[in-house]
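Asker: Take a look and give me a structure for this.
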Amino acid sequence: MKLLFIDYPVENLKESLAFYRDVLGFEEAWREGDHTVALKMPGSEVQLMLENDEVGLTPGAVFLVDSVDQYFEDNKDTIKFIKEPIDIPPGRYAIFQDNSGNLIRILDFSKEK
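Answerer: Residues are numbered from 1 along each chain as shown. Take a look at the predicted model:
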């Protein structure tokens with residue numbers, strides 16, 4: 001696993017982007033439609049990802065794995081997945097909880113291979 005993003009679900013993407021970009025000085029790295037924007041965090045390869053399509057879920061880390069589907073198959077009996085693997089533009093994505101209820105998001109770049 002490699003840490004890629006810190007995910008912040010937000011209610012208003014436009015207002016949140018203005019805050020992080022204009023007030024805190026983060027730079028936009030990329031965006032996906034009208035629902036997700038990633039920001040470069042100074043001094044780090046990790047990016048801050050703002051998205052408005054997971055409102056109601058708590059912030060958490062997003063980790064890169066070789067295969068979301070394989071990770072799910074290997075761990076579905078011991079880890080509580082709250083979102084089973086789904087397609088996203090670069091590959092596959094899923095969310096599970098640690099033993100304290102914190103969200104851990106995983107993704108792969110299988111569509112980019």
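Asker: Quick one: the strands in this structure, in order.
Answerer: Remark: strands assigned in the chain by DSSP state E are 2-9, 27-32, 36-40, 47-51, 60-64, 80-88, 91-97, 103-108.
Asker: and the first one, which strands flank it?
Answerer: Right, the one you point to is strand 2-9. strand 47-51 (parallel), strand 60-64 (antiparallel) (DSSP bridges).
Asker: Dump it to PDB, restricted to CA.
Answerer: This file holds the C-alpha atoms of strand 2-9, laid out as PDB (Å, rounded to 0.1, in the frame of the first residue of the first chain):
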ATOM      1  CA  LYS A   2       1.200   3.500  -0.800                       C
ATOM      2  CA  LEU A   3      -0.500   6.600   0.500                       C
ATOM      3  CA  LEU A   4      -1.700   8.800  -2.400                       C
ATOM      4  CA  PHE A   5      -4.400  11.100  -1.100                       C
ATOM      5  CA  ILE A   6      -6.100  12.400   2.000                       C
ATOM      6  CA  ASP A   7      -9.800  12.400   1.100                       C
ATOM      7  CA  TYR A   8     -12.100  15.200   2.400                       C
ATOM      8  CA  PRO A   9     -15.800  14.700   1.500                       C
END
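Asker: For it, buried residues please.
Answerer: Buried residues in strand 2-9, counted by 16 or more other Cβ atoms under 10 Å: 4, 5, 6, 7, 8, 9. Yep, even glycine has a C-beta here, placed from its N, CA and C like the rest.
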